[in-house]
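Participant: Sequence and predicted structure, then a few things I'm wondering about:
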Amino acid sequence: MAAIEIIGGIALIACGLAIIFFVSLQTEKSDGLAGAIMGTDNTVFKGKARSNEEKLATVTKYCAIAFFVLALLLNVFVLIAA
């Protein structure tokens, strides 16, 4: 096993654990039946700082992108080394 495979595998596991962690921190976005009947209050003010939920969603998205790119790169390196 080459050093790049070990480092890539560790980075892939860390990225996967980060995705699990950030997804578990997020709250459910649906309001259930009450939200469907009465509607929801989703007002957005310009210039207002982003909420923690939006920040968590953004971090989760970037972790998922990094996970897939890292998985593809790791597979390419393994195929080249073989």
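Facilitator: Looks like it arrived, so ask away. This is a predicted model, so every value here is computed, not measured.
Participant: all contacts plus neighbour counts: C-alpha atoms, from now on.
Facilitator: OK.
Participant: Quick check: the residue nearest the centre of the chain vs Phe22, distance?
Facilitator: Most central residue of the chain, judged by C-alpha distance to the mean C-alpha position with Cα atoms, centre = their mean, is Thr60 at 2.3 Å. Computed as Cα to Cα, to the nearest Å, the Thr60 to Phe22 distance reads 6 Å.
Participant: What of Cys15?
Facilitator: 11 Å.
Participant: ditto for Arg50
Facilitator: To Phe22, Arg50 is 17 Å away according to Cα to Cα.
Participant: ok, now Leu72?
Facilitator: The span separating Leu72 from Phe22 equals 22 Å under the rule Cα to Cα.
Participant: Of Arg50 and Phe22, give the one with the bigger neighbour count.
Facilitator: Remark: of Arg50 and Phe22, Phe22 carries more neighbours, 16 against 10, as counted by other Cα atoms under 10 Å.
Participant: quick one: what helix or strand has the more buried one in it?
Facilitator: In this structure, Phe22 is located in helix 3-25 according to DSSP states H and E.
Participant: tell me which helix or strand of this protein sits lowest on mean pLDDT?
Facilitator: Ranked by mean pLDDT, DSSP states H and E, the helix or strand of the chain with the weakest confidence is helix 32-38, at a mean of 61.
Participant: Name the next helix or strand downstream of that helix, please.
Facilitator: helix 52-81.
Participant: tilt between that next one and helix 3-25?
Facilitator: Regarding helix 52-81 and helix 3-25, their directions subtend 160 degrees when assessed with axes from the mean of the first three to the mean of the last three Cα atoms, to 10 degrees.
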